[in-house]
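Novice: Structure for this input, please:
(one chain, ligands or ions: 1)
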Amino acid sequence: MITKHEFGTLESESRKIYNYTMKNRGGMSVTVTEFGGAIVEIRVPDKFGRDTDVVGGYDSLRDYVLADGYLGALVGRVANRIAGGTFTLDGETHRLFRNNGKNSLHGGKVGWSHRVWAVKPEDGEEPKLTLTLHSPDGDEGYPGNMDVTVTYELLSNNALSIRYEATTDKRTPVNLTNHTYFNLGGYASGSIRDHVLQIEADTYLPTDADLIPTGEIRSVAGTPFDFREPKTIGRDMDADNADLKTAGGYDQCFNFTGGATKAPERRIIVYEPNSGRVLTVFTDQPCVQFYSGNFLDSAEFPMKGGLPRRKQTAFCLETQAMPDSVNHPNFTNTILNPNETYTHTVIYRFSVQQ
Ligand code: GLA
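Specialist: Numbers count the residues shown, from 1 in each chain. Have a look, this model is predicted:
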């Protein structure tokens, strides 16, 4: 089932913004807003059958427009940071808006997280929302007209599938992701330290002081970044480690063992003991930026229900290719050619463990 409700008025465009709620028979619901294509709510049962909202977000559209943090948003044209806000492609240097110190973050000044997406609902057993956006040639300094389609589908087995597709008429980088903040105990349940996390990644990308990858691809073995066996997020988060110190916690790219796959594979499992909720992530992408919400604090923008925004009370699992790939020849290829289609699938499946 899909229902549509007014969220607010976007003053800058004098238009109403709507939210869409998809529900399935498994007791799960997902609400998506036209603004930034953001996931504003996910309700899913715990081991006692009680449903709770497990994602961070805001009550008002205004906060989605003004606040930082990219809560729930679709991020593009290129997720994460581009060093110096510049890259050279086919001999031409492109300059992007520097919205993160001297670097460009998450698409620039008005990235796709801050654009209004056209939403087409398709009701059924497995309700679906198809979101589309046109990004003109030169958008935020990126070359080429891009057309993007993101499909959110709520499956019967309490999984949310997100499928991304994009085409271009000039060679351009593309690296899309979704920036949902999860707390499986419920978004208001406090610290995420006790969540048990497993990531099938044998290497990660160390970063410099600006959180830009240095170019090294380092083994996780013997480091706090080794999540190949399940461990709590908190266990090694305060370890004496340069990358953790720079980021104030986890905020690194983890490279899945074996790299990208043709079809989505199970790569991440998260378990929260109090609720018994389990989140299993399947993707075809080569990497995930695991971000433990280190910059989440904000006195200015409280979350839903007036809950103070606090550091490390939610985490993001942003599936993608390697950040700043445009500036690192040894990284993944993020350049899309005019005759190709960028595709990316991620499935967030919820279940419970007694
Ligand atoms: C990403 C980055 C973080 C931070 C958040 C937004 O996940 O990796 O460093 O910028 O987005 O607050």
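Novice: List the contacts of the residue in the chain positioned nearest to the ligand.
Specialist: In the chain, the residue that lies nearest the ligand is Tyr291 (3.8 Å; CB to the nearest ligand atom). All C-beta atoms are positioned from the backbone trio N, CA, C, and that covers glycine. Shown in contact with Tyr291 (CB atoms under 8 Å, 6 or more residues apart in numbering): 250-251, 315-316, 318.
Novice: How many neighbouring residues does Pro286 have?
Specialist: Per other CB atoms under 10 Å, the neighbour tally for Pro286 reads 23.
Novice: same deal with Arg81?
Specialist: 23.
Novice: and the residue of the chain positioned farthest from its centre, backbone torsions?
Specialist: Farthest-out residue of the chain from its mean C-alpha position, per CA atoms, centre = their mean: Gly91, at 31.1 Å. Taking degrees, to the nearest 10, you get phi 80, psi 0 for the backbone angles of Gly91.
Novice: Tell me which residues touch Pro224, please.
Specialist: 236-237, 239, 241, 244.
Novice: Let's see if you can find the most crowded of those.
Specialist: Leu244 (21 neighbours).
Novice: So that one sits against Tyr250, correct?
Specialist: Yes: here Leu244 reaches Tyr250: they are 7.1 Å apart, a contact under CB atoms under 8 Å.
Novice: so what sits against both of those two?
Specialist: Met237.
Novice: Just grab the bridge partners of Glu6 for me.
Specialist: Counting by DSSP bridges, Glu6 is bridged to Tyr18.
Novice: wait, what's in contact with it?
Specialist: Here Glu6 is in contact with 16-19 (CB under 8 Å, 6+ apart).
Novice: Using ChimeraX, define a selection of the buried residues within those.
Specialist: A single ChimeraX command selects the buried members of the contacts of Glu6 (16 or more other CB atoms under 10 Å):
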select :17,18,19
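Novice: Any chance of a markdown table for the contacts of Glu6, columns distance to Asp147 and pLDDT?
Specialist: Below are the contacts of Glu6 laid out as a markdown table (distance: CB to CB, whole Å; pLDDT from 0 to 100):
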| residue | distance to Asp147 | pLDDT |
| --- | --- | --- |
| Lys16 | 24 | 98 |
| Ile17 | 21 | 98 |
| Tyr18 | 22 | 98 |
| Asn19 | 24 | 98 |
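Novice: Just flag the most distant two among the contacts of Glu6.
Specialist: Farthest pair in those (CB to CB) is Lys16 and Asn19. Separation: 10.7 Å.
Novice: for the stretch 1-150 of the chain, what spans make up the strands?
Specialist: 2-10, 15-23, 29-33, 39-45, 51-53, 74-75, 81-82, 86-89, 92-95, 104-105, 118-122, 128-135, 146-154 (DSSP state E, counting those that start in this stretch).
Novice: starting at the chain centroid, how far to the fifth one?
Specialist: This means strand 51-53. Averaged C-alpha coordinates place strand 51-53 at 20 Å from its chain's average position (CA atoms, centre = their mean, to the nearest Å).
Novice: hmm, back to that, give me the common contacts of Lys16 and Asn19.
Specialist: 6-7.
Novice: Show me the helices in the stretch 201-350 of the chain, by range?
Specialist: 242-247 (DSSP state H, counting those that start in this stretch).
Novice: Please list the residues outside stretch 270-277 that contact it.
Specialist: By CB under 8 Å, 6+ apart, stretch 270-277 touches 44, 46-48, 52, 54, 182-186, 189, 194-198, 230, 278-281, 317, 350-354.
Novice: Same question for it: list its buried residues.
Specialist: 270-272, 275-277.
Novice: okay, the strands of the stretch 1-150 of the chain in TSV with distance to the ligand next?
Specialist: Output for the strands of the stretch 1-150 of the chain, formatted as TSV (distance: least, CB to the nearest ligand atom, whole Å):
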stretch	distance to the ligand
strand 2-10	22
strand 15-23	22
strand 29-33	18
strand 39-45	15
strand 51-53	20
strand 74-75	8
strand 81-82	7
strand 86-89	18
strand 92-95	20
strand 104-105	6
strand 118-122	24
strand 128-135	20
strand 146-154	18
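Novice: Quick check: which of these is nearest to Asp297?
Specialist: strand 104-105 (17.6 Å).
Novice: What is the closest one packed up against?
Specialist: When contacts are defined as 3 or more CB pairs under 8 Å, 6 or more residues apart in numbering; DSSP states H and E, strand 104-105 packs onto strand 81-82.
Novice: elements contacting the strand it packs on?
Specialist: strand 104-105.
Novice: now the strand it packs on: how far from the chain's centre is it?
Specialist: 15 Å.
Novice: For Ala188, give me its contacts.
Specialist: 303-305, 307.
Novice: next one: phi and psi at it?
Specialist: phi -100, psi 10.
Novice: What pLDDT is listed against it?
Specialist: Listed pLDDT for Ala188 reads 98.
Novice: Asp251 too?
Specialist: pLDDT at Asp251 comes out at 98.
Novice: Leaving out the residues flanking it, which one is nearest to it?
Specialist: Spatially, and ignoring its direct neighbours in sequence, Asp251 is nearest to Tyr291 (4.8 Å; CB to CB, 6 or more residues apart in numbering).
Novice: In the sheet, which residues pair with that neighbour? Tell me.
Specialist: In beta-bridge terms (that is, DSSP bridges), Tyr291 pairs with Asp251, Cys316.
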